[in-house]
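Peer 1: Pasting the sequence and the predicted model now:
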Amino acid sequence: MTVIRFYYRPQCGLCREIEGPLLNDAKRYGLAVQHVNIDEDKAAWARYWDKIPVIEIEGGPTLFEPIAPAVLRAAIRKAAH
């Protein structure tokens with residue numbers, strides 16, 4: 001199963017905005033979402049502290065802010081097939 005990693009910070013407004021579409025689209029296509037709070041993961045913090053939200057799709061693209069819902073949906077759909 002393809003895994004989607006969602007790198008976020010709890011207080012990030014942009015993260016909250018894209019999380020809903022991410023979870024809805026992942027569910028629609030039967031994909032799992034792994035939440036990674038960069039405040040609790042030093043390696044993730046070092047890589048993404050200035051880029052969140054970040055969405056890594058296993059075997060697919062890594063999406064950085066700004067993330068348009070249509071672009072996210074297309075990437076998830078492609079990963080699911």
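Peer 2: Okay, I see it. Numbers count the residues shown, from 1 in each chain.
Peer 1: Is the residue nearest the centre of the chain bridged to anything, and to what?
Peer 2: For the chain, the residue nearest the mean C-alpha position is residue 55 (2.6 Å; C-alpha atoms, centre = their mean). For residue 55, the beta-bridge partners under DSSP bridges are residue 6, residue 63.
Peer 1: give me the number of residues near residue 24?
Peer 2: As a burial measure, residue 24 scores 14 neighbours (other C-beta atoms under 10 Å). All C-beta spots, glycine's among them, are computed from the backbone N, C-alpha and C.
Peer 1: sorry, that was for residue 3
Peer 2: 14.
Peer 1: Retrieve the pLDDT associated with it.
Peer 2: Here the pLDDT value assigned to residue 3 is 91.
Peer 1: Who are the contact partners of the nearest residue to it once chain neighbours are set aside?
Peer 2: Leaving aside its chain neighbours, residue 3 sits nearest to residue 58 (4.7 Å; criterion: C-beta to C-beta, 6 or more residues apart in numbering). With contacts taken as C-beta atoms under 8 Å, 6 or more residues apart in numbering, residue 58 has the following neighbours: 2-5, 79.
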